[in-house]
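Asker: With the sequence up front, the predicted model follows.
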Amino acid sequence: MVAPPRSAYLHIPFCHKRCFYCDFSIIPLGDSAQAPGSPGISSINAYLDLLHREISISPKAPALSTIYLGGGTPSLLKKNEVGDLLKDLQRKFGFQDGAEITMEVDPATFFENDLNGYIEVGINRFSLGGQSFDDSTLALIGRKHNRSQLIEACDLVNNLFKKGMLKSWSLDLIQNLPGLNLSKWITELEQAIHTEAPHLSIYDLTIEPDTVFGRIHKKGKLNIPIASEAQKIDFETNRFLKSRGFSRYEISSYSLPGHPSRHNRAYWSGSGWWGFGMGATSAPWGERFSRPRTIAGYKKWLDQQESQLLERTLSYEKSKPMPLDELIMIGLRRREGVHLEELAKNAGWTQKECDKNLELLEKFWLNSLNEGSLLRNNGRYFLSNPNGMQISNQVLIQMFMWWDSLGLD
Ligand code: SF4
């Protein structure tokens, strides 16, 4: 049997508008999303009813140690709405002492009072979606906020942190955005340090086909940094942040000592998690399940779940461990990598199967091991930093080729 999850993710799918690179499951509400009496407010209310229904039919399980409200833009919710969701989760599962309760917030969607309200109802960590400090870049990627709103948002969050009202906070930036080069990126990093955020998530831009960027890219007109410049940018991120005391504990995550995201670490360790909401993925007992990405689809699915007693997604008896290839894929994102034999034995492999199959995996990984992008120490395999982390895809492709060659699915 798989250990019960200790983490929960709640998806809040509302945004003012869709950013040009984003293909998340969201509902754009327009500029008046937060205005009293606006259609946006009734959409939010109707969705929250569904979310409460889904939490209420979830089976009882051990207390949670991490909770994450992501989106979308959860800061479009009022403090009582956030508080009611947390109360529901607490009633259902309970929270462990010191549970990490994170909420994503976007600049230009909150005032100081709102942040105080979220803290009052239980939030103890914010993750701020900054993406860039450059006004022209922000406009180019379709963000609603501008540079001065981002700086103001960072100040508000950081003041609460310095007063001891938050355990930590994180700032998101995207490297490799259109028009960026190494010198502009160094300016972005300097400004990120200036905010005093103790945790930085630095994502690579991914071009998704069904987005504005996907369409522009298809026409060859998206001016993103070429591969060699992107590599320099990534190396510089690592060098610069290391020199400021940050440690890269996962491919996209840098933190000062004591500030890694426990929620994300739980996810990358292969532990199960509850997921609630439209488009949310969950893996309560190992196997992943994604909910429908539209509100109508989600409502229909929820109606079925209520009538079928959750047989499809939440039944413990139907539990299957997460497939080994997935565990290796997410585990390799972490600085400490994976202990292959331990993972394989947990997945039910015998010693004989481990010896045979893992020896074969080493052959698929031979090039990566020889060139030093993948390192090995006492049965543990991990990506070197920065070289291995930069070309993690190559190592993962070799691993998936190995997995396919075993014919286990
Ligand atoms: S704010 Fe975030 S979730 Fe919303 S559209 Fe932009 S990137 Fe997507």
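Answerer: Everything's here; your move.
Asker: what sits opposite residue 70 in the beta ladder?
Answerer: residue 11 (DSSP bridges).
Asker: Now do it: how many residues are near it, please.
Answerer: Residue 70 has 20 neighbours, counted by other Cβ atoms under 10 Å. Every residue, glycine included, has its C-beta placed from N, CA and C.
Asker: swap in residue 82?
Answerer: Counted with other Cβ under 10 Å, the neighbours of residue 82 add up to 25.
Asker: Was I right to think it contacts residue 119?
Answerer: No: with contact defined as Cβ atoms under 8 Å, residue 82 does not reach residue 119; the gap is 10.1 Å.
Asker: Now do the helices in the stretch 1-150 of the chain.
Answerer: Remark: helices assigned in the stretch 1-150 of the chain by DSSP state H, counting those that start in this stretch are 39-57, 79-93, 112-120, 135-140, 147-162.
Asker: Tell me what angle the last one forms with helix 112-120.
Answerer: Helix 147-162 and helix 112-120 are oriented at 40 degrees to each other (axes from the mean of the first three to the mean of the last three Cα atoms, to 10 degrees).
Asker: Give me the buried positions along helix 147-162.
Answerer: 147, 149, 150, 151, 152, 153, 154, 156, 157, 158, 160, 161 (16 or more other Cβ atoms under 10 Å).
Asker: other SSEs contacting that helix?
Answerer: If contacts are counted by 3 or more Cβ pairs under 8 Å, 6 or more residues apart in numbering; DSSP states H and E, helix 147-162 sits against helix 112-120, strand 125-131, helix 135-140, strand 168-175.
Asker: now the longest one
Answerer: Packing partners of helix 39-57 (3+ Cβ pairs under 8 Å, 6+ apart): strand 14-15, helix 79-93, strand 274-276, helix 295-308.
Asker: neighbouring contacts of it?
Answerer: Helix 39-57 has contacts (Cβ atoms under 8 Å, 6 or more residues apart in numbering) with 10, 13-14, 27, 29-30, 32-35, 76-77, 81, 84-85, 88-89, 92, 276-278, 295, 298-299, 302, 305-306, 310.
Asker: Please compute how far that helix lies from its chain's middle.
Answerer: In terms of Cα atoms, centre = their mean, to the nearest Å, the centre of helix 39-57 is set 22 Å apart from its chain centre.
Asker: residues contacting the closest residue to residue 386 other than its chain neighbours?
Answerer: Nearest non-adjacent residue to residue 386, counting by Cβ to Cβ, 6 or more residues apart in numbering: residue 238, 4.2 Å away. By Cβ under 8 Å, 6+ apart, residue 238 lies in contact with 248, 385, 386, 389.
Asker: Give me the nearest residue to the second one, chain neighbours excluded.
Answerer: It stands for residue 385. The shortest distance from residue 385 to any non-neighbouring residue, by Cβ to Cβ, 6+ apart, is to residue 248 (5.7 Å).
Asker: Which strand runs longest in the protein?
Answerer: If you go by DSSP state E, the chain has its longest strand at strand 95-105.
Asker: Just the buried residues of that strand, please?
Answerer: Result for strand 95-105 [16+ other Cβ under 10 Å]: buried residues 95, 99, 100, 101, 102, 103, 104, 105.
Asker: what is the orientation angle of it with helix 112-120?
Answerer: Strand 95-105 and helix 112-120 are oriented at 160 degrees to each other (the same axes, to 10 degrees).
Asker: circling back to that earlier point, and which of the buried residues of strand 95-105 is nearest residue 21?
Answerer: Checking the buried residues of strand 95-105 against residue 21 with Cβ to Cβ, the nearest one is residue 104 at 16.3 Å.
Asker: gap between the closest one and the ligand?
Answerer: 8 Å (Cβ to the nearest ligand atom, to the nearest Å).
Asker: Contact partners for that residue?
Answerer: Residue 104 is in contact with 69, 70, 71, 72, 73, 74, 75, 126, 127, 128, 129, counting by Cβ under 8 Å, 6+ apart.
Asker: Kind regards, and thank you for your time.
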